[in-house]
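Q: no sequence on this one, just coordinates:
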């Protein structure tokens, strides 16, 4: 196995989890259709069991992708946990995949994962076992690099809260699964996707749109994640402040600026994604980070949170504004992954 891509199987089969035909999803699908054959996996409910009207064959007219390049699998996700529904939706493609040639390449990705053709094909050319391709997460805008994935912060990542901590390379996480058909026969696509390690750590295949759309959409995305978020995080005005500044919504870290590639700028225009421009002064973002974490303390009354949030919206905070003492106090406290801080 491995070696150059067989010419007959040059177009990988991309299995994409979808929830709706928003501009970002449609842009992703059209880019993938240039070099992949697509199978869209949609459910009759979301992962939480709420009814969703599937689009079925309407995907062809909405996306402009013909039936020769796009197939749709619509599945009743049934009862159970959100994780089990996600597994059912991914594994719904198995009967279709089993009919493909053993050496055909399969990609399993979500609709917020942007993979680049050349980098992905380089990974596939040497693929000998299932593996996930590395992605750099973007946060707040397409020109902001996240320091972590929004739902997976660990207590051991306290260094990310330190404004002086800058890793030598962007944070990369395991994204879409890459495999040959022979790798997935008799196996769960979902389990392979969840458990497989990065197959090539030396190649970054694309980007994950962690939180790059408008604040209301981000609020809905937080509700759909498997982790609970403090209600103070899910306030639209607070989210807008943090997203536009490149500060994590719960104060876990400060994002880094990156100059976006032309294809990513084009995607932003097509998908109506934010382009934020250079970062604000260090004192400003450090003040926002410290406050974002402090405002989750249940000992801070709601009226204080509202007052400080209003203050931030009308001026640029800096080192003189609730920073030095507050930041030092926050850095001494443990990080919690659900957007909560212990009561003091």
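A: Arrived safely. No experiment lies behind these values; they were computed from the predicted model shown.
Q: can you map out the helices along the stretch 151-300 of the chain?
A: 181-184, 189-195, 215-224, 236-245, 262-271, 282-294 (DSSP state H, counting those that start in this stretch).
Q: what's the third one in contact with?
A: Counting by Cβ atoms under 8 Å, 6 or more residues apart in numbering, helix 215-224 makes contact with 46-48, 150, 211, 229, 233-234, 236-237, 239-240, 243, 249, all of which sit outside it. In short, each C-beta sits where N, CA and C put it, glycine included.
Q: circling back to that earlier point, deepest of the helices of the stretch 151-300 of the chain, which one?
A: Comparing the helices of the stretch 151-300 of the chain on average neighbours per residue, with mean count of other Cβ atoms under 10 Å, the densest one is helix 282-294 at a mean of 22.
Q: lowest-confidence stretch among the helices of the stretch 151-300 of the chain?
A: Mean pLDDT across those is lowest at helix 215-224; the value there is a mean of 81.
Q: between helix 236-245 and it, find me the angle.
A: 100 degrees (axes from the mean of the first three to the mean of the last three Cα atoms, to 10 degrees).
Q: how far off centre is helix 215-224?
A: How far helix 215-224 lies from its chain's middle: 12 Å, per Cα atoms, centre = their mean, to the nearest Å.
Q: residue 30 and residue 14, how far apart?
A: As judged by Cβ to Cβ, to the nearest Å, residue 30 and residue 14 stand 12 Å apart.
Q: comparing these two, which residue is more hemmed in?
A: residue 14 (23 against 14; other Cβ atoms under 10 Å).
Q: output the below-cut-off pLDDT ranges for the stretch 51-200 of the chain.
A: 152-157 (pLDDT under 70).
Q: in it, which spans are strands?
A: Per DSSP state E, counting those that start in this stretch, the stretch 51-200 of the chain carries strands over the ranges 70-75, 105-110, 113-115, 131-139, 144-145, 173-180.
Q: between those, which one is closest to residue 83.
A: Minimum separation from residue 83 across these (Cβ to Cβ) falls at strand 105-110, 14.4 Å.
Q: tell me the strands beside that closest one, with direction?
A: Strand pairing for strand 105-110, using DSSP bridges, gives strand 13-17 (parallel), strand 173-180 (antiparallel).
Q: strand 70-75 and the shortest one, what's the angle between them?
A: Just to be clear, that refers to strand 13-17. 40 degrees.
Q: against which helices or strands is the next helix or strand after strand 13-17 packed?
A: Sequence order places helix 23-33 as the next helix or strand after strand 13-17, per DSSP states H and E. Here helix 23-33 is seen to pack against strand 13-17, strand 37-43, helix 58-63, strand 113-115, helix 262-271 when contacts are counted using 3 or more Cβ pairs under 8 Å, 6 or more residues apart in numbering; DSSP states H and E.
Q: give me that answer again for 10 Å
A: strand 13-17, strand 37-43, helix 58-63, strand 70-75, strand 105-110, strand 113-115, helix 117-125, helix 262-271 (3 or more Cβ pairs under 10 Å, 6 or more residues apart in numbering; DSSP states H and E).
Q: give me the common contacts of residue 30 and residue 14.
A: residue 38 (Cβ atoms under 10 Å, 6 or more residues apart in numbering).
Q: with distance to residue 265 as extra columns, can I get the strands of the stretch 51-200 of the chain in TSV?
A: Below are the strands of the stretch 51-200 of the chain laid out as TSV (distance: least, Cβ to Cβ, whole Å):
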stretch	distance to residue 265
strand 70-75	26
strand 105-110	22
strand 113-115	13
strand 131-139	12
strand 144-145	14
strand 173-180	21
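Q: of all those, which lies closest to residue 282?
A: strand 144-145 (15.1 Å).
Q: got the contact list for that closest one?
A: Contacts of strand 144-145 (Cβ under 10 Å, 6+ apart): 136-139, 170-171, 207, 210-212, 243-247, 254-258, 260, 274-277, 279.
Q: off-centre distance for that strand?
A: Worked out by Cα atoms, centre = their mean, strand 144-145 lies 12 Å from the chain centre.
Q: spit out the contact partners of residue 282.
A: Contacts of residue 282 (Cβ under 10 Å, 6+ apart): 163-164, 254, 318-319.
Q: need the max-distance pair from those residues.
A: So, the contacts of residue 282 by Cβ to Cβ: farthest apart are 164 and 318, at 17.3 Å.
Q: so for the two, which residue has more residues nearby?
A: Set side by side, residue 164 and residue 318 show more neighbours around residue 318, with 14 against 6, by other Cβ under 10 Å.
Q: where does the more buried one land in three-state SS?
A: coil (DSSP: H, G, I helix; E, B strand; the rest coil).
Q: now do residue 304
A: helix.
Q: what does the one 3 residues further on give?
A: Under the three-state scheme (three-state DSSP), the conformation of residue 307 reads as helix.
Q: got the contact list for it?
A: Contacts of residue 307 by Cβ under 10 Å, 6+ apart are residue 301.
Q: which pair in the contacts of helix 215-224 spans the largest distance?
A: 47 and 237, at 27.3 Å, using Cβ to Cβ across the contacts of helix 215-224.
Q: could you dump the strands paired with strand 105-110 to JSON lines with distance to residue 70?
A: As requested, the strands paired with strand 105-110 are exported to JSON lines (distance: least, Cβ to Cβ, whole Å):
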{"stretch": "strand 13-17", "distance to residue 70": "10"}
{"stretch": "strand 173-180", "distance to residue 70": "18"}
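Q: sweet, I'm off.
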